[in-house]
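Peer 1: missing the sequence, but the structure's below:
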């Protein structure tokens with residue numbers, strides 16, 4: 001991929017980039033206004049890979065590159081850890097439990113509504129007498 005050079009026009013003040021082959025390094029470049037532009041000296045964009053070196057906690061394989069890490073996560077059906085991921089999981093679990101509780105409540109209400117009238121009366125009398133009801137998930 002050819003390098004990207006940054007230019008500035010002293011006439012109109014605009015700045016622009018050009019992707020040029022190295023052979024055209026000294027070729028003059030012109031701005032939209034037609035004036036010759038001046039080449040700016042800027043820091044090159046450099047990618048520094050992360051230093052990765054560990055053994056997979058899943059199967060003990062050595063992980064020495066980003067590609068090996070991605071494959072290890074995929075093989076274990078995992079996602080990279082990010083800040084807040086634990087809180088997101090806890091929130092999602094609370095939401096799932098609340099939805100399950102709502103389904104249980106709806107099922108119990110539906111069951112009670114389907115009871116014969118004399119059974120509903122017996123249940124109401126037991127609850128009025130102080131029967132203690134604990135719901136336990138199993």
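Peer 2: Noted; the coordinates are in hand. Treat the numbers as computed from the prediction; the structure is a model and nothing was measured.

Peer 1: can you tell me how far the residue nearest in space to the middle of the chain sits from residue 67?
Peer 2: The centre of the chain sits closest to residue 82, judged by Cα atoms, centre = their mean, with a distance of 7.7 Å. According to Cβ to Cβ, to the nearest Å, residue 82 stands 20 Å off from residue 67. In this view, the C-beta of every residue, glycine as well, is placed from N, C-alpha and C.

Peer 1: where do the strands sit along the protein?
Peer 2: 4-8, 15-19, 38-40, 54-55, 62-63 (DSSP state E).

Peer 1: mean pLDDT for those - can I get that in JSON lines?
Peer 2: Listed next are the strands of the chain as JSON lines, based on pLDDT from 0 to 100:
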{"stretch": "strand 4-8", "mean pLDDT": "91"}
{"stretch": "strand 15-19", "mean pLDDT": "91"}
{"stretch": "strand 38-40", "mean pLDDT": "92"}
{"stretch": "strand 54-55", "mean pLDDT": "88"}
{"stretch": "strand 62-63", "mean pLDDT": "90"}
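
Peer 1: hang on, the earlier thing: quick one: the residue nearest to the centre of the chain from residue 74, how far?
Peer 2: Residue 82 is 17 Å from residue 74, by Cβ to Cβ.

Peer 1: for residue 95, same thing?
Peer 2: From residue 95 to residue 74 the distance is 27 Å (Cβ to Cβ).

Peer 1: show me where this protein has helices.
Peer 2: 66-75, 85-114, 117-128 (DSSP state H).
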